[in-house]
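**Student:** the sequence and its predicted three-dimensional model are supplied below.
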Amino acid sequence: MTRILPRVLGASLLLLLSACTTYHTSPPLLTSGSGTFLKKAHYSAEVEAADGTRIRMTVYQPRLDRRKGATAPLLIHAHGFGLTRMARPLSLYGQMLMAGKTALQAWDEGYFVISFDQRGHGASEGSVGLIRPEQEGEDVSRIIDWAVRNLPVALKDNDPLVGMIGESYGGGVQFMASVRDPRIDALVPMTTWFNLDDALFPNGVPKSDWLLFLGTVGFTVNPLHMDKGVSMGVVSELFGNGDTQLRQQLRRNSLVEHCSAGRGPQADALLIQGLRDVLFSFNHALDARQCFRQAGRDVRLLAIEHGHLMPGSQWSPSLPAWHMQSDIVCGGQSLKTQALIMDWLNGKLRQDAPALARVPDLCITGDAVTDARIIEDAGTWQPIPAVHVGSGLSGMFELGAKNLDRLGNLLVPARLPADWATPENGWLRPARVPLHVASQSGWVAGVPRVELSFSDTDRDDAVVFLHLAKWRPGSGSYDILNQQVRPARANGTLAFDLPAIRTRLEAGEVLGLIITGYSNQFRIAGSGVGTDASIAGRIRLPLMDSAIPATALRTTP
């Protein structure tokens, strides 16, 4: 951490100095050898969007021998929400973030790279509109127009060879740009959304802690550029006043809306998504993968461990709120994430077949076996017996309570009781519903689905929170799988997917459903404080070995 602070301070200083930058509307003359070589250099430029908004960017020019008519593919780098473009190699992106470091490697290896400030960010004009396809998406097309007009960009069948890379917000713009512009050949969207409405308002419940965090970042970094309609819509939702227009806009700004209308992406994609990502769960990548497949595109998927991590409740190995690991393990083999990305880009933009062959179709990090399956629609339904959540405080004190579990386990080692399969109602502690005990080692890997019925609910806006967890006899307490949670409005009957999970169950470990009335990701509106409700239904688990229903567990194994 001591090495990170100087880098962040240095990047901040460079950001302040960027206010003095000169922006070119056409490339300056950066040549050597009597004009026969393009020098390796970088400079600032700008394009004008269809509505007159000026979009600022930094162009990274590789060394090219123009005597032989040399050309180079174009890679467009898009930044995350609240951040700015990679204005120079010594920057936050260039030194610390995977997308920027990979873009610089591409520059070193002979690519043109353009890193741009999205609308309302950095030096660009306009408002932050959460990736409106007709604005933020169209801005990318203007950048490609400028590059084709001014740079010796490599062509294939008279079309420019163009790739994109970026995380989170910079992934969302890749999707919208690809839907609109067929000139984009290859995408690398990292930890981004398929459906922004569902990500921020799952089952209609505002993800308040993330919304407040993102809003604070937005208004701190871009105080005069946040879209007023979006901002007021979010505030309205947080305080219980539904905003239909906002929710519709979030869907229009997402791949889900375009795929459902038959307007799928027109590029191939290497999707990278985090299993612990509690802003954009792994489900988003699985849904996007299906969308690309339906559009007839080549799509590969890498599952990393982290992604967006909620500050204050999730530990991050590096930057607060986000982390992407440099190494992944797939099929027992250790692979470099950045190298896989470069293989993908070289395969698609330089027709390097051996490089493309090194990129797996599906890699689930941490998988020590060859089979890296994710079960998206499999398993048998089993009942969720009736259970009651009697307080919105249920789960609020679990951090301390679980430590007491473990302390007690040191004194009296926990064993699997004969009646562990009996559901337990929740009040101060969560309600728990045992579902499965592993008779042998195996995986739970995929997307669970639940159908729930609520009764005896004490209020119309009551909310409960569902987590899948595993408990190993002798460990003292349970662990939430991939730290994921899904809210549900405790009213009537609902059917929905839980966040995708990937974990190994050892023989004797118990898989169960933990239901609370409180979550530290949903602490304002719809937090469920005071919830009193009964829940029953059924669940389908993506088990890779034979399931033993909880009702059959009556003796200690």
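**Tutor:** Alright, I've got the coordinates. Please read these numbers as outputs of a predicted model, since none were measured by experiment.

**Student:** list the contacts of residue 408.
**Tutor:** For residue 408, the contacting residues are 414, 476, by C-beta atoms under 8 Å, 6 or more residues apart in numbering. Backbone N, C-alpha and C define where each C-beta goes, glycine included.

**Student:** kindly report the same for residue 283.
**Tutor:** Neighbours of residue 283 in contact, by C-beta under 8 Å, 6+ apart: 194, 447, 497, 499, 500.

**Student:** quick one: classify it as helix, strand or coil.
**Tutor:** The three-state label given to residue 283 by DSSP: H, G, I helix; E, B strand; the rest coil is helix.

**Student:** what's the answer for the one 4 residues further on, then?
**Tutor:** The three-state label for residue 287, taken from three-state DSSP, comes out as helix.

**Student:** before we move on, what about residue 176?
**Tutor:** Following three-state DSSP, the label given to residue 176 is helix.

**Student:** neighbours around the closest residue to it other than its chain neighbours, how many?
**Tutor:** In space, and not counting its chain neighbours, residue 176 is closest to residue 137: 3.5 Å by C-beta to C-beta, 6 or more residues apart in numbering. Residues contacting residue 137 under the criterion other C-beta atoms under 10 Å number 21.

**Student:** so residue 288 sits against residue 271, correct?
**Tutor:** Yes - judged on C-beta atoms under 8 Å, residue 288 makes contact with residue 271 at a distance of 5.9 Å.

**Student:** next, the contact list for the nearest residue to residue 349 once chain neighbours are set aside, please.
**Tutor:** What sits nearest to residue 349 in space, not counting adjacent residues and going by C-beta to C-beta, 6+ apart, is residue 73, at 3.9 Å. Residues counted as contacts of residue 73 (C-beta under 8 Å, 6+ apart) are 111, 112, 153, 154, 161, 162, 163, 345, 349, 350.

**Student:** and the furthest pair within those?
**Tutor:** 153 and 345 (14.4 Å; C-beta to C-beta).

**Student:** which one's more surrounded, these two?
**Tutor:** Higher neighbour count among residue 153 and residue 345: residue 345, with 31 against 19, using other C-beta under 10 Å.

**Student:** would you map the strands across the stretch 201-350 of the chain?
**Tutor:** With strands called from DSSP state E, counting those that start in this stretch, the stretch 201-350 of the chain shows them at 268-274, 299-304, 307-308, 322-323, 327-330, 333-336.

**Student:** before we move on, back to that, the more surrounded of residue 288 and residue 271?
**Tutor:** Comparing residue 288 with residue 271 by other C-beta under 10 Å, the one with more neighbours is residue 288, at 28 against 25.

**Student:** give me the buried entries from the contacts of residue 73.
**Tutor:** Buried residues within the contacts of residue 73, counting neighbours by 16 or more other C-beta atoms under 10 Å: 111, 112, 153, 154, 161, 162, 163, 345, 349, 350.

**Student:** tell me the one of the residues you listed nearest residue 435?
**Tutor:** For the buried ones among the contacts of residue 73, the nearest to residue 435 is residue 345 (42.7 Å; C-beta to C-beta).

**Student:** so what's the closest one up against?
**Tutor:** The contact partners of residue 345, by C-beta under 8 Å, 6+ apart, come to 73, 75, 106, 111, 163, 165, 186, 188.
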